[in-house]
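Colleague: sharing a model that was predicted from the sequence below.
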Amino acid sequence: MKRILIIEDDRNIQELLRQELNDEGYSTSIASNGKEALSFLQNRENEKPDLIILDLRMPAMDGFETMGHILKLRHETPVVIHTAYPSYKDDALAMAADAFVVKSHDLTKLKSAIFELIGK
C-alpha cells in the first residue's frame, strides 16, 4: 500500500484528504506544519512516504521553508503542492515540486496528480 504524508494545518482539509485518499487505497499520515513533517521524515524511516502533499500557508513552518528543507535533505519523495493560492505557482521553491494543485472541493486534479506520480 502506497503511503502519503499530508502536510496541512486545516483540520477539516486534513480529514477530507485522509478519508478520500484512504478510500482510494492509500495509507495516510498527517503533519500540521513543516516542523512536524520534518520530524516525521527524519524520525520515522520505516514509515517513509511514497508521496508528500504540501500546503504552503501554515503556522510554525510554512510550506516554502518545508520544501527547502526537503530539498536540502535530498529527500527523493515526490511532492505535490496543494494550496489555495495559484499565484505561488511561479515561486522557485514551488516550481521544485513535482506537481502544483490549487485547492478545490473537487479533488479530481489532486488525485490525478497523485496517480501520475505514484500510481495506486
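Modeller: Here it is on my side, so go on. Since the structure is predicted, the reported quantities are computational estimates derived from the model, not experimental observations.
Colleague: report the helix or strand with the lowest average pLDDT across the protein.
Modeller: Here the helix or strand of the chain ranked lowest by mean pLDDT, DSSP states H and E is helix 92-95, holding a mean of 88.
Colleague: and the next helix or strand past the lengthiest helix in the chain?
Modeller: For the chain, the helix with the greatest residue count under DSSP state H is helix 11-23. On the C-terminal side of helix 11-23, the closest following helix or strand by DSSP states H and E is strand 27-31.
Colleague: what's the angle between that following strand and helix 11-23?
Modeller: Computed by axes from the mean of the first three to the mean of the last three C-alpha atoms, to 10 degrees, the angle separating strand 27-31 from helix 11-23 equals 160 degrees.
Colleague: what is the subsequent helix or strand relative to strand 27-31?
Modeller: Counting by DSSP H and E, the element after strand 27-31 in chain order, helix or strand, is helix 34-43.
Colleague: what is that following helix packed up against?
Modeller: strand 3-7, strand 27-31, helix 63-72 (3 or more C-beta pairs under 8 Å, 6 or more residues apart in numbering; DSSP states H and E). All C-beta spots, glycine's among them, are computed from the backbone N, C-alpha and C.
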